[in-house]
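Colleague: Pasting the sequence and the predicted coordinates here, then a few questions.
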2 protein chains.
Amino acid sequence: MLTDRQKMILRAIVRDYTNNGMPVGSKALVEQLPVHVSSATIRNEMAVLENAGLIRKTHSSSGRVPSIQGYRYYVDHLVKPDVAKTNDIDLIKTSLGGDFQKIDEIVAQSAKILSDLTSYTTFTLKPELKDSRLSGFRLVPLGNRQVMAILVTDNGDVENQTFSVAHRVTSDQLEAVVRLINDQLVGLPLKDVVEKLKVQIPAEISRYMQQPEGFLKIFGDVLTRAAQERFYVGGRMNVLDFSEQNDIESLRSIYSLIDHTDDFAEVLGNPSNQIQVKIGDEISNNDLLRNYSLITATYDVDSHGQGIIALLGPTRMPYSKMIGLVGAFRNELARKLIDYYRHLDE
Amino acid sequence: MLTDRQKMILRAIVRDYTNNGMPVGSKALVEQLPVHVSSATIRNEMAVLENAGLIRKTHSSSGRVPSIQGYRYYVDHLVKPDVAKTNDIDLIKTSLGGDFQKIDEIVAQSAKILSDLTSYTTFTLKPELKDSRLSGFRLVPLGNRQVMAILVTDNGDVENQTFSVAHRVTSDQLEAVVRLINDQLVGLPLKDVVEKLKVQIPAEISRYMQQPEGFLKIFGDVLTRAAQERFYVGGRMNVLDFSEQNDIESLRSIYSLIDHTDDFAEVLGNPSNQIQVKIGDEISNNDLLRNYSLITATYDVDSHGQGIIALLGPTRMPYSKMIGLVGAFRNELARKLIDYYRHLDE
DNA sequence: TTTAGCACTCAATTAGGTTAAGTGCTAAGA
DNA sequence: TCTTAGCACTTAACCTAATTGAGTGCTAAA
């Protein structure tokens, strides 16, 4: 258990280090702390904090930097989220104020805004789709032999894909297929649709088509895409600024992690509480992200589920500011989306 | 005018330097050249080449590296494109052999393959669309108030966008609009469509709709997107490997150049001959790309126009190998696309 | 025209010395 | 028991000088 003074010192060390990036010494602390003690006293306290594993030295006679556990303690017990600047809130409001045609546009734009605001790399997921249901399916002949398949969910999400059909397929056949799917599958959760697609449907569809495999594959693809959790990335290149740039190889790995959708969707995970901070190897068990922190926040869109926004920066980020920003952003985004759905449903 | 021996030396310097990245000295040259002269003789010849501006020293007593002009001379007069390895050709054939649903998929995949093959960053443009014509337009109601607009060109390109319409718009009205557009605009080159969209159409459309502005904007957006030259990028992150990595700031600029579609489409330009090499500031007049070279190649898809593939690497790239690869790739891609169109048209 | 020989240049590395920031410890004071 | 002044010690960072090695240009002779 730390004394109040020790907490104050730890807080000061984290603050100073996240601002200046240089190990913090006892003298510097004496000057910025409101207590009147000597540097020797601070040194004694620092020794205690070091024994507790909360701070460490970079070499035997250096100042101290927070350890992972130190950041952890700071974030869990000491940090006070900043109230976002009205400037920033205005910027968020303006950027989200535009006239969007799709949820995806809003969510993608969100990643961009948040990365501009923070100078870090950001991720956004739209409200989760796991329980969304199929609400419509269309096949639109485009001339030649091209057909567009369109799938709509009750969340307002739209997925589409064009494909070519065999010459002999008539538009009557296409309509029959559409009717079949709409009759049998609309209203079902997407995962049930995936299930039925494997057994029941192929049999029925073959009444109307000789070789339904190609078509079923397309439908499956669109379905998979609609059911897949995808996230948008903002400020990709910001990693360049805050990574310890010496190591090109690890930069590459980080990018490949980010771009390999499934893996990183896992990392973003399903945060339980509203704003959560993962530090260093808490993010994922490989130590690629040892010097990074991830702030994750959920946002609620009433009956339309819960989305995620996240922010990847260096472990030595100004947590209070960033947590404040993420919090403010989350609120604005939720408001915007609730508004969007309201307009759509009315 | 260079003597044969001077040409041989220049070629050897470029080859050695592009392979090893270190300035080439007279002794090293003596060892690898098939002529039996002393290093002093080579030095004399090197002095001639230096006076001609074809090679330069990095400091007063260093070996030589090719100058921009040296590379230029090498590429124009000395390089012999390698015959691509059968390995690589097989890889290209396999990767392009899949079952693609859209041209865009093929062209995007091409960028990826070529970047894997070369370890550089690559760009691909599909056969140019400037003269393509509108061949169809659809509006598909998706339920709620969402509608998908679909535009098809006679090149087989499909663009689509979903948008929301005002409550009171009926499907009769939508159909009237679709009929109007198909009657009036199908068969026209896209740029004429853009033109008519500004004057004639708004008047006519207002017979069916009270406030056509929103709708016209959507149609305009889709149209613009269909008419826009977009390119695909492969191996973005490869820049990390071959840029002189010290300079994060210039890395950022390069990425922002690449991602800012219009600017870079300009850079890719309209190469006149089939394979063209731009070196250093020949690429663009800012000196961001001073240490880069761009190999551009066109590919012909018969009546469906001409596309571009390009490859961005360091000035000190192995030109003979890369030119060979680009040439081979261009042929395979052209073949694939001709095949694709043939299937579509038949 | 070619070549051996030689003085010269410069980047890269190594070694040694200095400085400044910071620590831990001790012993004395409150 | 807590705090503090004082001091010896450690280390990274910086600077300087010396050494090495690859390579050059030039000269004079073959």
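Modeller: Everything's here; your move.
Colleague: what about the closest residue to residue A:113 other than its chain neighbours, how many neighbours?
Modeller: Spatial nearest neighbour of residue A:113, excluding adjacent residues (CB to CB, 6 or more residues apart in numbering or on different chains): residue A:95 at 4.6 Å. All C-beta spots, glycine's among them, are computed from the backbone N, C-alpha and C. Residues lying near residue A:95 (other CB atoms under 10 Å in any protein chain shown) number 17.
Colleague: what does residue A:198 give?
Modeller: With other CB under 10 Å as criterion, residue A:198 counts 10.
Colleague: so where's the stretch 151-300 of chain A shaky on pLDDT?
Modeller: Along the stretch 151-300 of chain A, the parts satisfying pLDDT under 70 run over A:245-246.
Colleague: That one against DNA strand D: which residues are in contact?
Modeller: Not one residue of the stretch 151-300 of chain A sits near DNA strand D, judged by CB under 7 Å from any atom of the strand.
Colleague: Where do the helices of the stretch 151-300 of chain A begin and end?
Modeller: A:171-185, A:190-198, A:200-205, A:213-227, A:238-242, A:248-259, A:261-268 (DSSP state H, counting those that start in this stretch).
Colleague: Packing partners of the last one?
Modeller: This points to helix A:261-268. strand A:121-125, strand A:231-234, helix A:248-259, strand A:292-300 (3 or more CB pairs under 8 Å, 6 or more residues apart in numbering or on different chains; DSSP states H and E).
Colleague: isn't the residue nearest to residue A:113 right next to residue A:109, touching?
Modeller: Yes: here residue A:95 reaches residue A:109: they are 6.6 Å apart, a contact under CB atoms under 8 Å.
Colleague: could you point out which element follows the host helix or strand of the residue nearest to residue A:113?
Modeller: If you go by DSSP states H and E, residue A:95 is part of helix A:86-96. Helices and strands here follow DSSP H and E; after helix A:86-96, the next one along the chain is helix A:103-118.
Colleague: average pLDDT for stretch A:81-95?
Modeller: Average pLDDT, stretch A:81-95: 97.
Colleague: Can you list the neighbours in contact with it?
Modeller: Residues outside stretch A:81-95 that contact it (CB atoms under 8 Å, 6 or more residues apart in numbering or on different chains): A:109, A:113, A:117, A:320, A:321, A:323, A:324, A:325, A:327, A:328, A:329, A:332.
Colleague: on that earlier part again, how far away is the residue nearest to residue A:113 from chain B?
Modeller: Remark: distance between residue A:95 and chain B (CB to the nearest CB, to the nearest Å) = 19 Å.
Colleague: For residue A:175, which non-adjacent residue is closest in space?
Modeller: Of all residues not flanking residue A:175 in the chain, residue A:139 sits nearest, at 7.8 Å (CB to CB, 6+ apart).
Colleague: and that neighbour, that one's in a helix?
Modeller: No: counting by DSSP: H, G, I helix; E, B strand; the rest coil, residue A:139 is located in no helix; its state is strand.
Colleague: Can you report how many residues lie near it?
Modeller: For residue A:139, using other CB under 10 Å, the count is 22.
Colleague: Surely it and residue A:180 touch.
Modeller: No: between residue A:139 and residue A:180 there is no contact under CB under 8 Å: 11.0 Å.
Colleague: and the residue of chain A nearest DNA strand D?
Modeller: Of all residues in chain A, the one sitting closest to DNA strand D is residue A:61 (2.8 Å; CB to the nearest atom of the strand).
Colleague: isn't there a helix covering that residue?
Modeller: No: read with three-state DSSP, residue A:61 is coil and lies in no helix.
Colleague: That one and residue B:139, how far apart?
Modeller: 73 Å (CB to CB, to the nearest Å).
Colleague: can you tell me which of the helices and strands packed on helix A:261-268 comes nearest to residue B:135?
Modeller: For the helices and strands packed on helix A:261-268, the distance to residue B:135 is smallest for strand A:231-234, at 32.5 Å, taking CB to CB.
Colleague: That closest one - contacts with which helices or strands?
Modeller: Contact here means 3+ CB pairs under 8 Å, 6+ apart; on that basis strand A:231-234 packs against helix A:103-118, strand A:121-125, helix A:261-268.
Colleague: Please tabulate the ones you listed in CSV, including the columns distance to residue A:133.
Modeller: Below are the helices and strands packed on strand A:231-234 laid out as CSV (distance: least, CB to CB, whole Å):
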stretch, distance to residue A:133
helix A:103-118, 16
strand A:121-125, 19
helix A:261-268, 21
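Colleague: Nearest to DNA strand C, out of those?
Modeller: Among these, if distance is taken as CB to the nearest atom of the strand, the winner is helix A:103-118, at 27.9 Å.
Colleague: tell me which residues of that closest one are tucked away?
Modeller: A:103-104, A:106-115, A:117-118 (16 or more other CB atoms under 10 Å in any protein chain shown).
Colleague: So which of the residues you listed is the closest to residue B:18?
Modeller: residue A:115 (37.7 Å).
Colleague: Can you give me the neighbour number for the residue nearest to that closest one when sequence neighbours are not counted?
Modeller: In space, and not counting its chain neighbours, residue A:115 is closest to residue A:235: 2.7 Å by CB to CB, 6+ apart. Counted with other CB under 10 Å, the neighbours of residue A:235 add up to 23.
Colleague: Kindly report the same for residue A:135.
Modeller: Neighbours of residue A:135 (other CB under 10 Å): 19.
Colleague: For the helix or strand containing it, name the packing helices and strands.
Modeller: Following DSSP H and E, the helix or strand that holds residue A:135 is strand A:134-141. With contacts defined as 3+ CB pairs under 8 Å, 6+ apart, the packing partners of strand A:134-141 are strand A:146-153, helix A:171-185, strand B:134-141.
Colleague: Tell me which of these lies nearest to DNA strand C.
Modeller: It is, among the helices and strands packed on strand A:134-141 and with distance given as CB to the nearest atom of the strand, strand A:146-153, at 57.3 Å.
Colleague: tell me the angle of that closest one relative to strand A:134-141?
Modeller: Between strand A:146-153 and strand A:134-141, the angle comes out at 170 degrees (axes from the mean of the first three to the mean of the last three CA atoms, to 10 degrees).
Colleague: and residue A:55, what are its phi and psi?
Modeller: In terms of degrees, to the nearest 10, the main-chain angles of residue A:55 are phi -130, psi 160.
Colleague: That one touches residue A:13, doesn't it?
Modeller: Yes: Residue A:55 lies in contact with residue A:13 (CB under 8 Å); the separation is 6.0 Å.
Colleague: list the residues that contact both of these two?
Modeller: Contacts common to residue A:55 and residue A:13, judged by CB under 8 Å, 6+ apart, are A:49, A:64, A:65, A:66, A:70.
Colleague: now, which of those lie close to DNA strand C?
Modeller: Contacts with DNA strand C within those, counted by CB under 7 Å from any atom of the strand: residue A:64.
Colleague: from the shared contacts of residue A:55 and residue A:13, which would you call buried?
Modeller: For the shared contacts of residue A:55 and residue A:13, a neighbour count by 16+ other CB under 10 Å gives the buried set as A:49, A:64, A:65, A:66, A:70.
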